[in-house]
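**Student:** just the structure for this:
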Amino acid sequence: MSSPVLKALVNAELEEAEHHARSISAAVARQIGPPVDLGHGNLPAEFVAWCKQKGVASLPARPASIALYVLESRHLEIHDLARMVVEISRCHLRRGQADPTSGYPVSAALNHLAKIEAPLSWPKAKRPHFSDLPYDVQQYLSLCDKDQTRAIKRAQQEAADARKKLKEIEGKNVEAEDADRADQGNSDRGGRPD
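**Tutor:** Residues are numbered from 1 along each chain as shown. Modelled structure (predicted):
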């Protein structure tokens with residue numbers, strides 16, 4: 001776009017759209033309350049530099065751009081990538097914009113790098129959709145499922161131990177009753193052994 005007049009018109013349109021979007025966000029906040037405090041911070045510098053290099057917008061960012069950034073940044077630790085994705089999300093939400101990280105393809109890209117299996121409690125037909133959930137939700141559900149599985153296994157083991165102990169006690173009771181009967185039988189015959 002080489003014409004300064006055209007640039008000025010486009011910028012004016014963008015400013016008007018931004019003002020309109022903020023007005024709508026303010027009207028919503030007046031009716032339902034302000035958004036949850038998301039803290040302070042900026043977009044990760046690495047992501048901003050990558051966006052400039054690729055010629056794409058960093059704010060607002062598109063989900064596909066973020067997913068590609070994640071996939072091309074596989075050299076980073078997954079917790080660092082996940083933290084950056086959370087910060088990208090927060091920056092958008094602080095501005096009253098939609099969260100571009102909340103589902104596919106960003107969560108699928110993170111899951112591709114550090115696979116989190118769908119919980120066993122999920123129906124098989126729904127398991128392929130697990131990677132579409134936000135990555136932090138995948139982590140949470142996976143952790144809850146592991147905790148629940150451990151609790152179930154512990155309860156099953158405790159029940160098995162209790163059954164074993166009950167069987168031992170019942171066995172001792174049977175032996176004691178047999179010994180009592182034998183003693184009773186000896187008493188009935190005058191105390192003389194057979």
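**Student:** work out for me the element the most centrally placed residue in the chain sits within.
**Tutor:** Per Cα atoms, centre = their mean, the C-alpha nearest to the average position across the chain is that of Val137, at 2.3 Å. Take DSSP states H and E as the rule and Val137 turns out to sit in helix 135-188.
**Student:** state the distance from the residue nearest to the centre of the chain to Lys165.
**Tutor:** 42 Å (Cβ to Cβ, to the nearest Å). For glycine as for every other residue, the C-beta is placed from the backbone atoms N, C-alpha and C.
**Student:** pLDDT at the residue nearest to the centre of the chain, what is it?
**Tutor:** On pLDDT, Val137 comes in at 88.
**Student:** who's in contact with the nearest residue to Val70 once chain neighbours are set aside?
**Tutor:** Nearest residue to Val70 in three dimensions, chain neighbours excluded: Ala109, at 4.2 Å (Cβ to Cβ, 6 or more residues apart in numbering). Ala109 makes contact with Ile66, Ala67, Leu68, Val70, Leu71 under the criterion Cβ atoms under 8 Å, 6 or more residues apart in numbering.
**Student:** tell me which of those fall in helices.
**Tutor:** Of the contacts of Ala109, the ones assigned to helices by DSSP state H are Ile66, Ala67, Leu68, Val70, Leu71.
**Student:** which of those residues sits closest to Arg127?
**Tutor:** Nearest to Arg127 among the ones in helices among the contacts of Ala109 is Ala67, at 20.7 Å by Cβ to Cβ.
**Student:** kindly export stretch 69-78 (C-alpha atoms) in PDB.
**Tutor:** Coordinates of each C-alpha in stretch 69-78 appear next as PDB, following Å, rounded to 0.1, in the frame of the first residue of the first chain:
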ATOM      1  CA  TYR A  69       5.200 -20.800  16.200                       C
ATOM      2  CA  VAL A  70       4.800 -23.600  18.700                       C
ATOM      3  CA  LEU A  71       5.700 -26.300  16.200                       C
ATOM      4  CA  GLU A  72       8.700 -24.400  14.900                       C
ATOM      5  CA  SER A  73       9.900 -23.800  18.500                       C
ATOM      6  CA  ARG A  74      10.100 -27.400  19.400                       C
ATOM      7  CA  HIS A  75      13.600 -26.800  20.700                       C
ATOM      8  CA  LEU A  76      12.200 -25.100  23.700                       C
ATOM      9  CA  GLU A  77      11.000 -27.000  26.800                       C
ATOM     10  CA  ILE A  78       7.200 -27.700  26.700                       C
END
